[in-house]
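**Student:** mind folding the following:
(chains A, B, C and D)
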Number of protein chains: 4
Amino acid sequence: MFMREIELRGHIIDSLILPKVFDKILEMGGDYKVLEFEIGKKKEDPSYAKILVIGKDEKHVDEILMELRDLGAEIPEIEDVELKPAEKDMVLPEGFYSTTNHKTFIKYKGRWIEVENQKMDGVIVVYPEEMRAEVKTIRNVKKGDLIVVGHKGIRVIPPEKPRESGVFEFMKSEASSEKPKKTVIRQIAEEMYKIKEKVKETKKGGIVVVAGPAVIHTGARDALAKLIKMGYVQALFSGNALATHDIELSLYGTSLGIDVKTGKSVPGGHSHHLRAINTIMREGSIKNAVENGVLKEGIMYECIKNNVPYVLAGSIRDDGPLPDVITDVVEAQEKMRELLKGKDMVLMLSTMLHSIATGNLLPSWVKTVCVDISPAVVTKLMDRGTSQAIGVVTDIGVFLPMLVEELERLENERERADKERGRDNNNSIKEQES
Amino acid sequence: MFMREIELRGHIIDSLILPKVFDKILEMGGDYKVLEFEIGKKKEDPSYAKILVIGKDEKHVDEILMELRDLGAEIPEIEDVELKPAEKDMVLPEGFYSTTNHKTFIKYKGRWIEVENQKMDGVIVVYPEEMRAEVKTIRNVKKGDLIVVGHKGIRVIPPEKPRESGVFEFMKSEASSEKPKKTVIRQIAEEMYKIKEKVKETKKGGIVVVAGPAVIHTGARDALAKLIKMGYVQALFSGNALATHDIELSLYGTSLGIDVKTGKSVPGGHSHHLRAINTIMREGSIKNAVENGVLKEGIMYECIKNNVPYVLAGSIRDDGPLPDVITDVVEAQEKMRELLKGKDMVLMLSTMLHSIATGNLLPSWVKTVCVDISPAVVTKLMDRGTSQAIGVVTDIGVFLPMLVEELERLENERERADKERGRDNNNSIKEQES
Amino acid sequence: MFMREIELRGHIIDSLILPKVFDKILEMGGDYKVLEFEIGKKKEDPSYAKILVIGKDEKHVDEILMELRDLGAEIPEIEDVELKPAEKDMVLPEGFYSTTNHKTFIKYKGRWIEVENQKMDGVIVVYPEEMRAEVKTIRNVKKGDLIVVGHKGIRVIPPEKPRESGVFEFMKSEASSEKPKKTVIRQIAEEMYKIKEKVKETKKGGIVVVAGPAVIHTGARDALAKLIKMGYVQALFSGNALATHDIELSLYGTSLGIDVKTGKSVPGGHSHHLRAINTIMREGSIKNAVENGVLKEGIMYECIKNNVPYVLAGSIRDDGPLPDVITDVVEAQEKMRELLKGKDMVLMLSTMLHSIATGNLLPSWVKTVCVDISPAVVTKLMDRGTSQAIGVVTDIGVFLPMLVEELERLENERERADKERGRDNNNSIKEQES
Amino acid sequence: MFMREIELRGHIIDSLILPKVFDKILEMGGDYKVLEFEIGKKKEDPSYAKILVIGKDEKHVDEILMELRDLGAEIPEIEDVELKPAEKDMVLPEGFYSTTNHKTFIKYKGRWIEVENQKMDGVIVVYPEEMRAEVKTIRNVKKGDLIVVGHKGIRVIPPEKPRESGVFEFMKSEASSEKPKKTVIRQIAEEMYKIKEKVKETKKGGIVVVAGPAVIHTGARDALAKLIKMGYVQALFSGNALATHDIELSLYGTSLGIDVKTGKSVPGGHSHHLRAINTIMREGSIKNAVENGVLKEGIMYECIKNNVPYVLAGSIRDDGPLPDVITDVVEAQEKMRELLKGKDMVLMLSTMLHSIATGNLLPSWVKTVCVDISPAVVTKLMDRGTSQAIGVVTDIGVFLPMLVEELERLENERERADKERGRDNNNSIKEQES
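**Tutor:** As a prediction, this is how the structure comes out:
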């Protein structure tokens, strides 16, 4: 038998950290004794627990601690993290520590350092001279990089449950199509409006939209284009299909050869997407096509016009693909990760592949909304670790136009309110003056 | 080897009758020879085929003919239908003919009689004195009823493919969420508008709405209530859940205990549906509740106020149920069948059970639109024989409000057009006068 | 401001009762202060918390307490439950208490009485003379029945999380198709085997199977029939479709007219289900058909032969229905509830309607496994309150044969082991003797 | 008004070519007159039709003909195809002809040439010196390549409906989970067995398996490994996830950190997939890992051991990815297309992305079976043009083990039969000898 003490701090009861710790210990065949426990008397107060973890031997207890740490347990550390150099490019030392998507600190030379560029399933590389640490993916590891191994000197802080109300509180339960949709849409709109205001002021953060081609096929193209124009999109992640069908729609008025106005197929329509690709091939890029007046509307057009950066990531389904598509998936991931830095919200629209990919690159404290007609997409996203995601099960073809309407209503309302206040201010000034 | 001649007439090529006939013969191990064939030269012209069906023996050919008849083949008949009396109530004679949902004629005493009250999976009862025949379900068969047996003297006429354009032409393909939704909604609205105009004029036919409780949970309650008020619903088929949640919403502002405005659960909310049921129990019926001023809005309210008949059919999931619910399912079916007579369109909204049940009662020439977020519902409906159904895969919570908007737009447009015309007429009258 | 104390006892942390209580208070706009807290030092030890609930006024605190009670909070009671007589048959007094599906006690004349026949969404009727209380559905309430109103004198005890391992521990997470299926099947089989042994010994409890017609269409009919024969089914809940298609298969070798051996449609096959119904109509009941040698195999046959009671509940989709079908849904519910009493496990196979209906009638401590190819079915079942259900997302057509195989393997293994032991015992006896 | 004659030949009625031609003409606002029609008198006889297509003007008729050609209509050609050189690498000339996935011939210098390497959405490049033509994707077009433009001199031959029985006949209808699964599995097994025999004999063709990671998570890993070992897989298409989880299972006995035997999570399990990747990274490739004795079982192991070529195509969801993954999607497509050449069958297992990607590269005459628990995958595959695909809606975790069992049964049976025959032959030889 072997024992070791751990500590837990914060809202460990309502954020379910304490129950999860008990569960995990028992699940792994260990046992525990609570040494101290102080519950937060009031809702603001943090709680505190000191727990003795009991296992069969040192290795067993170590294994348990390793798991508990990722749940947020603090193992009172006297030791620093252990580092080992990478043997070769892209080859990690034995026993490397694999990251979560939660905020992480490491103890190095006696100091706690916050790890930068957090994402799940990466490794921590330490730069001793700069007293800095960051998460790297295995592909980016270079020979000699100092990699954190074992599980000493690491502290993980999972997000505490939001106490604020709003969509992220309201939607905490399961993905289900059976929610009052107008209410959900209103709450997402309010969140987005707040972020836009913040971006205007601070020039930082913002919203990343991840979108699949169903946006076009279901007739929501113009709504997404408008969202970009209105300033609600700070980066767009998508693939060849969305861009191609958006451009097809701009050039020929069809999506997959179907006239989206009449709903009928048009002669030669099935080849329109290839013709759209060829048109951009001839121009050399979407940007050129916009600048040369060839492309005059749509999602990609608004991205170019409003300087919204985009990543069109390649997939083996692609026809063409367009010259703007990054056909190397590792390169595309890198660019996506770059653009995600510091963003406040990710809006995932009808694409399982891109949504899970983006989730893999995200720290757990970024607000994430996933809209899909299939509840399975949201379930999978959360199963794959993006547990902060909120699912809205609905038809993107009707959801997006209603979201845009709601945002317009909100903006008008605030504008009117501002004017009112302006007038009131003026009046009161006048009154004071008079 | 045994042979027999059949004939096919009409748009047998574009309605796929001829290919299906060839298929069926070969599938059943038979063979054929085309004796005569005259193709319709122009699109309006019917085609004609005389085909020799070849089988192993008389029984084999008979089996084939039995199947071909339900596909629309005419077996040149010299004989009348064969009739046998039912042995007991609800017990059919051996060899009874089981009906399709297509228009059917029988040859009786040398005359072709159209069978009334067509539905699938029924039997044909003949009334010799009145020279009438109708489809009855097995439960309604009385001892001594003269039932058609065998397969002589029967002619089945499947619906020919609509040549008109509109949603029923456009949506002919698979149920898929990937359709431009606004276009689909516009086309359904136009169809409904036409029917409403017809009903106003002729006081006949109309639209049956079949609705599940998701209409309420997703926030589309007011839209359906409005649809009724606007005169687009001539009968409503639903169950205890929809009515209860509609009444819960009217009385408490909640659906399943969730405030549909704020999306939050309210204290004691989970018992609201029981309290709603108890309120109606106390009044004795929904009608009483409306008349006594207890129930003041919503779907059921509008049904009462606008004299729209409804069937609330019981199911084993029901809490309560409400006093208006018909707890005997056979009785509920009868009432539904009664109300379906002569209707022009059925709009199925988010309910697999009621949709398939209604499909079972419908002749195949009634226009049928099935709206559901799950494509499986539409597939099952069609697999179960309601092959005329058109599937719209979308979220009812956003579909219904948009449909109502579209209908309002349409009505305003036509009204304006009528006024224009009125003014023009007046002007021309004045001009003439002057 | 108004306050009141509550107490919580048991495994309130790992069963998530404490976090849920904090959540609910804050969600309802209240506040709390922890007065005492004693955490279970070891895993076996219960914890204890005394919490001050703070609200705006007495009504607000009352509303909060009402919700907390259903989560398992004890409100130190000095008072008895409050009773009011039902005004009329099926009409409840104002303020009636609506039950959960958890174990419930009421304080009556100073004594705590366990409520019998627990189910969700019912009311508690008290019989003063017998000092008994039971849950009744609204339909069964008679004028003068003494109904519990308000929320005094009620104690609710939600099930604590199972600590034992096995499928109910393993599957605690989301319904997902991505689980190792063989492992899941093995664990369900072990659970069923244990229950069968218990039933053999005690003649009590057992397994209720709730099955939809997909069992037949997907080719798992013989597997279910075998399960019944092997003694793993103590009651069967289903509808007209399953029974009809089972009988169709027994009489004609087809399901929905498709030969299940060759997968091909047979001549006249579409009418086989009607002919099957007519055959039973003629016999008068399924039992007669078995006894007269007309029905010789299949699910219904095994039910009759093995004295397994069944409920075939009517639905508006039914053709026929068979004479054994209970067409009144309220009556069917009653019979289902009767058969569920004391059962240990419910196995739900590919039927949303019957599964949710059965869930509505079940207390929360009965083990519930729901097998369906669509994850939405499990989600809905749990959303509707049957939160103890474990979901297995798979194809029933391949799941059931594998389950039967696993059970046969298990039985052979145990038998062998018993023989071994028998031999060993004999040997040791002989050894002792010699 | 403008007119032009077309001809149709073959089984144009049962393969639905004639009805589709009529449909398309009317849909595009044209009209027709049947000039000659000779129906195949017997089932083997081809039919013949000469039809006058009528349009508003020459352009309109041309548009109609363009569409009809892809349906299989022959436009009596006096002219050769029209060719234009590509302006630049990857830039097509205006008016290029976009290919279908059907067998295609072009008339060049008065001769009909079959186009090689058929796939949908490519272009036809003509090599005059060699009198050869092939389909190229836009990315592979080089400056100066002679591309077919317009729609003269092209003949498309869609596959006629298979008349043979077997799974491809049986399953012609909709993707549905409601099919007798054992029958379906048996028929697929028979098809696979026939192909394996053919491959043994001719050393040509074979089966391509396209597999997603659900194969591992659902516990069907060993079944797929066995399929490879038994010689039923001539190429494997998959991605990083399947290979990583397969290797994780081989090295650690877990899939996504879950022990597939016990179904429980193991300590540190969530990092196993990264450790698996790192292990292969260190070895340099999967092949090295097998040869160095590091990887000792599983899907990838069997591929290496049995010389089954594989393509692991990159996706933006990938962790790592493994060194064997082709991260450039265009390169991966090329390799997949290469391996598909001449194959007889494609078996798609639980992966939408790879299935649609493979479908895009396939000619329409390759037998294609798509197995997925979600009917939507099959629907999408067919919507995207792979209309020959047959859908089996089931759980791969139970389907694959049953398929392997069936194949083993089949092989034993045939072996036994061979031995019988061998014995019989020997006997008869002996008899003759004696």
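
**Student:** where in the stretch 1-150 of chain A is pLDDT low?
**Tutor:** Within the stretch 1-150 of chain A, the segments meeting pLDDT under 70 span A:77-78.

**Student:** and with 50 instead?
**Tutor:** Counting by pLDDT under 50, the stretch 1-150 of chain A contains no low-confidence residues.

**Student:** who in it is up against chain C?
**Tutor:** For the stretch 1-150 of chain A, the residues in contact with chain C (CB under 8 Å from any CB of the partner chain) are A:13-14, A:16, A:18-19, A:22-23, A:26, A:31-34, A:37, A:39-43, A:49. Where C-beta positions appear, they are placed from N, C-alpha and C, glycine not excepted.

**Student:** what of the stretch 251-400 of chain A?
**Tutor:** A:Pro375, A:Ala376, A:Thr379, A:Met382, A:Asp383.

**Student:** for stretch A:331-341, the distance to its chain's centre please.
**Tutor:** Between the centre of stretch A:331-341 and the centre of its host chain there is 12 Å, according to CA atoms, centre = their mean, to the nearest Å.

**Student:** in the helix ranked longest in chain A, what's buried?
**Tutor:** Secondary structure assigned by DSSP state H gives helix A:396-433 as the longest helix of chain A. Buried positions in helix A:396-433, judged by neighbour count with 16 or more other CB atoms under 10 Å in any protein chain shown: A:Ile396, A:Gly397, A:Val398, A:Phe399, A:Leu400, A:Pro401, A:Met402, A:Leu403, A:Val404, A:Glu406, A:Leu407, A:Leu410.

**Student:** now the helices for the stretch 151-300 of chain A?
**Tutor:** Using DSSP state H, counting those that start in this stretch, the helices of the stretch 151-300 of chain A run over A:167-170, A:181-202, A:214-217, A:221-229, A:240-252, A:272-283, A:286-291, A:299-305.

**Student:** one step back: does anything pack onto the longest helix of chain A? Which helices or strands?
**Tutor:** If contacts are counted by 3 or more CB pairs under 8 Å, 6 or more residues apart in numbering or on different chains; DSSP states H and E, helix A:396-433 sits against helix A:181-202, helix A:214-217, helix A:221-229, strand A:367-372, helix B:181-202, helix B:396-433.

**Student:** check contacts around A:Glu27.
**Tutor:** Contact partners of A:Glu27, counting by CB atoms under 8 Å, 6 or more residues apart in numbering or on different chains, are D:Lys264, D:Ser265.

**Student:** circling back: format the helices of the stretch 151-300 of chain A as a markdown table; extra columns: distance to chain B and mean pLDDT.
**Tutor:** Below are the helices of the stretch 151-300 of chain A laid out as a markdown table (distance: least, CB to the nearest CB, whole Å; pLDDT from 0 to 100):
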| stretch | distance to chain B | mean pLDDT |
| --- | --- | --- |
| helix A:167-170 | 5 | 49 |
| helix A:181-202 | 4 | 92 |
| helix A:214-217 | 4 | 91 |
| helix A:221-229 | 9 | 97 |
| helix A:240-252 | 10 | 96 |
| helix A:272-283 | 14 | 95 |
| helix A:286-291 | 23 | 98 |
| helix A:299-305 | 15 | 98 |
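
**Student:** most tightly surrounded among the ones you listed?
**Tutor:** When the helices of the stretch 151-300 of chain A are scored by mean count of other CB atoms under 10 Å in any protein chain shown, the highest mean neighbour count falls to helix A:214-217 (a mean of 27).

**Student:** follow-up on the earlier one: and C:Arg414, which of the helices of the stretch 151-300 of chain A is closest to it?
**Tutor:** helix A:167-170 (51.1 Å; CB to CB).

**Student:** before we move on, back to that, tell me which of the helices of the stretch 151-300 of chain A lies nearest to chain D.
**Tutor:** Evaluated with CB to the nearest CB, these place helix A:272-283 nearest to chain D, the distance being 4.7 Å.

**Student:** how about whatever helix or strand A:Gln333 lives in, does it reach chain D?
**Tutor:** Using DSSP states H and E, A:Gln333 sits within helix A:329-340. Yes: using CB under 8 Å from any CB, helix A:329-340 reaches chain D at A:Val329, A:Val330, A:Glu331, A:Ala332, A:Gln333, A:Met336.

**Student:** average pLDDT for that helix?
**Tutor:** When pLDDT is averaged along helix A:329-340, the result is 97.

**Student:** how about the residues of chain A by chain B?
**Tutor:** Taking CB under 8 Å from any CB as the contact definition, chain A meets chain B at A:165, A:170, A:177-184, A:187, A:214, A:217-220, A:255, A:258, A:260-264, A:373, A:393-395, A:397-399, A:401-402.

**Student:** redo that, cut-off 7 Å
**Tutor:** Chain A comes close to chain B at residues A:170, A:177-184, A:187, A:214, A:217-219, A:260-264, A:373, A:394-395, A:397-399, A:402, as judged by CB under 7 Å from any CB of the partner chain.

**Student:** assign the nearest residue to A:Lys33 once chain neighbours are set aside to helix, strand or coil.
**Tutor:** Using CB to CB, 6 or more residues apart in numbering or on different chains and skipping residues adjacent in sequence, the residue nearest A:Lys33 is A:Leu52, 4.4 Å away. Per DSSP: H, G, I helix; E, B strand; the rest coil, the secondary structure class of A:Leu52 is strand.

**Student:** quick one: contacts for A:Leu52?
**Tutor:** If you count contacts by CB atoms under 7 Å, 6 or more residues apart in numbering or on different chains, A:Leu52 has them with A:Met3, A:Glu5, A:Tyr32, A:Lys33, A:Leu35.

**Student:** name the residues of the helix or strand hosting the first one that are buried.
**Tutor:** Assigning secondary structure by DSSP H and E places A:Met3 in strand A:2-10. Under the neighbour-count criterion of 16+ other CB under 10 Å, strand A:2-10 has A:Arg4, A:Ile6, A:Leu8, A:Gly10 buried.

**Student:** related to what we said a few turns ago, quick check: bridge partners of the residue nearest to A:Lys33?
**Tutor:** Note on A:Leu52: beta-bridge partners by DSSP bridges are A:Glu5, A:Lys33.

**Student:** circling back: nearest to D:Ile280, of the buried residues of helix A:396-433?
**Tutor:** Using CB to CB, these come closest to D:Ile280 at A:Ile396, 38.3 Å.

**Student:** what are the phi and psi values at the closest residue to the closest one other than its chain neighbours?
**Tutor:** Leaving aside its sequence neighbours, A:Ile396 sits nearest to A:Ser350 (CB to CB, 6+ apart; 4.5 Å). As for A:Ser350, its main-chain torsions (degrees, to the nearest 10) stand at phi 60, psi 50.

**Student:** I'd like the distance between A:Ser350 and chain D.
**Tutor:** 13 Å (CB to the nearest CB, to the nearest Å).

**Student:** near chain D, which residues of the stretch 51-200 of chain A?
**Tutor:** Residues of the stretch 51-200 of chain A lying near chain D (CB under 7 Å from any CB): A:Glu63, A:Met66, A:Glu67, A:Met90, A:Val91, A:Leu92, A:Ser98, A:Asp121, A:Ile138, A:Arg139.

**Student:** can you pick the most crowded of those residues?
**Tutor:** A:Leu92 (26 neighbours; other CB atoms under 10 Å in any protein chain shown).

**Student:** tell me who's in contact with it.
**Tutor:** By CB under 7 Å, 6+ apart, the neighbours of A:Leu92 are A:Ala86, A:Val123, A:Ile138, A:Val141, A:Ile147, D:Asn278.
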